[in-house]
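[1] One predicted model, sequence on top.
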Amino acid sequence: MKYFTLITLFWLAVSCTGTASSDMPEWRWEDPVTPDTPTVTEPHPALVEAGWSNISASYPGLPEGLSLYRSPEQLAGVKVIAYIAVADLSRISWDVRSINDPQLQGTSDQLKTPSEWYKETSAPVILNGGYFYSEGGKRYNASVAVSKGKTYGVNINYASLDWKTIYYPTRGVFYQKENTSPAVGWTYWSGGARHFLYNTPADNAWSKDPLAVPDAKFPAEAVDFAPQTAIGGGPVLLKGGNIVNSWKAELLYGDGADDKMPEARHPRSAVGLTKDGFLILFVCEGRGMTEGIAGLTFAEEASVLSALGCTEALNLDGGGSSCLLVEGKETIKVSDKSQRAVGSVLILEKKQ
């Protein structure tokens, strides 16, 4: 088990570093356009007032209750290319598709690109999901993945820089129980039958001695984690309307001087819930795939989602993994120049 988190930290470093070369691939999608004359009543006028453009008309197959917006030229004072899918949860459902690795033992299931997941699901909107890695011929989820009450992945439950000092971080999750609204929290899987959910993270830091192993009472009163749908990642960006950005406590990255991914600009993906009860899937381009577009830091990403009205939000895997498909078409230019095969995706589709 010891190499799991080490490999995870390495994978996160790989996924959040790198610079696009000048040998750019030809953009193969038609750029979505803003309709001159809306054909329906604008469902989210506050977004339009904030400079977001409703480009749903470029995707005629979108079901009612699902809208797509392109960002203004700047967000949080940064030049951006970003998109959000906004879902009315009374008409649209969200779900997760994932490799099957429920106990960090690895699987022979193959990673798939978002387009490959689209071929399987035909979901009108697909966003890359949580962290993952490959080692020794197997594929591993490093983040929670739950669909229809079945667990396909759990958050990595310990970490180390030198494998002498071991930490036990709680890590972020976006989840929904049956007949409740989605929310964020932090989980810890005990390695056995117990899977804990907390409203606050264990306050770990690489600069401090390790805290106790999380349990039913630490770092806070826990409940058993048994959602209907869930996706892990990290850090938690927003909870209860407050910006949290808990990447340090979640020990998502190493402690080297060059390990500045959270505070550097990269492509980002996130999921959030607004105070009005709408689900938002967010993606932003980065790493110079379009000239002058670097991406966002975690803090900037949290600020953007807060400005969108989110009260709960979780960052997902980013960098080369960031990819949002609408009707099977890419929105941003992915920074690996072609879609990365990933361990999990979020999907939006018409509620049955």
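    It's in.

[2] what are the phi and psi angles of Ala123?
    In terms of degrees, to the nearest 10, the main-chain angles of Ala123 are phi -70, psi 140.

[3] Now for it, how many residues are close by?
    Neighbour count for Ala123, taken as other C-beta atoms under 10 Å: 24. For the C-beta atoms, the positions are set from N, CA and C on the backbone; glycine is no exception.

[4] Could you say which helix or strand holds the closest residue to it other than its chain neighbours?
    Nearest non-adjacent residue to Ala123, counting by C-beta to C-beta, 6 or more residues apart in numbering: Ile347, 3.7 Å away. Taking DSSP states H and E as the definition, Ile347 sits inside strand 344-350.

[5] remind me which residues of the stretch 251-352 of the chain are low pLDDT?
    In the predicted model, the stretch 251-352 of the chain carries pLDDT under 70 at residues 254-260.

[6] what about the helices in it?
    For the stretch 251-352 of the chain, the helices defined by DSSP state H, counting those that start in this stretch cover 298-307.

[7] Over to the stretch 51-200 of the chain?
    Along the stretch 51-200 of the chain, the segments classed as helices by DSSP H, counting those that start in this stretch run 114-121.

[8] Point out the other helices and strands that the strand holding Ile347 packs with.
    strand 92-98, helix 114-121, strand 125-128, strand 278-284 (3 or more C-beta pairs under 8 Å, 6 or more residues apart in numbering; DSSP states H and E).

[9] ranking the ones you listed by burial, who's on top?
    By mean neighbour count, with neighbours taken as mean count of other C-beta atoms under 10 Å, strand 125-128 ranks first of the helices and strands packed on strand 344-350 at a mean of 28.

[10] Pairing partners for that one, with directions?
    Paired with strand 125-128 in the same sheet, following DSSP bridges, are strand 324-326 (antiparallel), strand 344-350 (antiparallel).

[11] so who does the most centrally placed residue in the chain touch?
    Geometric centre of the chain, nearest residue: Leu316, 2.0 Å, by C-alpha atoms, centre = their mean. Contacts for Leu316 (C-beta atoms under 8 Å, 6 or more residues apart in numbering) come out as Leu127, Asn128, Gly129, Gly130, Ile231, Gly233, Ser269, Ala270, Val271, Leu346.

[12] picking that back up, list the buried residues in the strand holding Ile347.
    Going by neighbour count (16 or more other C-beta atoms under 10 Å), the buried part of strand 344-350 is Ser344, Val345, Leu346, Ile347, Leu348, Glu349.

[13] Take those residues and write them to TSV, including distance to Gly61.
    What follows is those, written out as TSV (distance: C-beta to C-beta, whole Å):
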residue	distance to Gly61
Ser344	24
Val345	18
Leu346	18
Ile347	14
Leu348	12
Glu349	11
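
[14] doesn't Leu68 make contact with Leu62?
    Yes. Using C-beta atoms under 8 Å as the test, Leu62 is close enough to Leu68 to be in contact (6.9 Å).

[15] How far away from the center of its chain is stretch 308-315?
    The chain centre lies 11 Å from the centre of stretch 308-315; the measure is C-alpha atoms, centre = their mean, to the nearest Å.
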